[in-house]
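Trainee: Sequence plus predicted model, see below.
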Amino acid sequence: MSEEDKELELLKAKRLLEMQKNLSQKQKIEELRTKQPATSATSPREIVIKQLGYRGLEVLENAEAQFPEETKLVVAKLAELLQSGEVAEVIDGGKLLTLFRSIGIRVKMQTTIKVEQDGKLVSWSDKLKGETSNSDNQDVKPENP
């Protein structure tokens, strides 16, 4: 039985060496992966910008102007989620604005309401101004024509 014990010990030693090699290879691969993002030098903001859709950049710029520190934190976390693959969809302005508002950052956006008047798009405020000036003229009518 001593020969069988020796053979068993040799097999165990070989298996241990194989496992150590596999472990060292995995560690090398992980080190290379961690070094690659550092060498590419893409900032979290650039990663997020690549995933932004319609009006997304506009919302991001407004958020950066109004809440610079908080936006950096949100962008860093969002970039992390994008890189890990947890978020893979295109982020449009509405989704980004909803994200900011859901975490308590009230990003103010300039909005305009436009309506069609005589085949043209006119801002709501201009339309109201035009109606009030017309109604003022209509209210003042000469009594004897």
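Mentor: Okay, I see it. Residues are numbered from 1 along each chain as shown.
Trainee: what bits of this structure have low per-residue confidence?
Mentor: For the chain, the stretches with pLDDT under 70 are 1, 36-41, 132-145.
Trainee: could you point out the longest helix in it?
Mentor: Counting residues, the longest helix found in the chain (DSSP state H) is helix 2-40.
Trainee: gap between residue 84 and residue 20?
Mentor: Computed with Cβ to Cβ, to the nearest Å, the distance linking residue 84 and residue 20 is 29 Å. Glycine gets a C-beta too; all of them are placed from N, C-alpha and C.
Trainee: Over to residue 31?
Mentor: From residue 31 across to residue 20, the span is 16 Å (Cβ to Cβ).
Trainee: what do you get for residue 49?
Mentor: Separation of residue 49 from residue 20 (Cβ to Cβ): 43 Å.
Trainee: does the residue most central in space within the chain sit in a helix, a strand or a coil?
Mentor: Geometric centre of the chain, nearest residue: residue 48, 4.8 Å, by Cα atoms, centre = their mean. Classification of residue 48 by DSSP: H, G, I helix; E, B strand; the rest coil places it in helix.
Trainee: neighbour-wise, which of residue 49 and residue 20 wins?
Mentor: For residue 49 versus residue 20, neighbours defined as other Cβ atoms under 10 Å are more numerous around residue 49 (16 against 10).
Trainee: residues near the spatially closest residue to residue 96 that is not a sequence neighbour, how many?
Mentor: In space, and not counting its chain neighbours, residue 96 is closest to residue 59: 4.6 Å by Cβ to Cβ, 6 or more residues apart in numbering. Residues near residue 59, counting by other Cβ under 10 Å, number 22.
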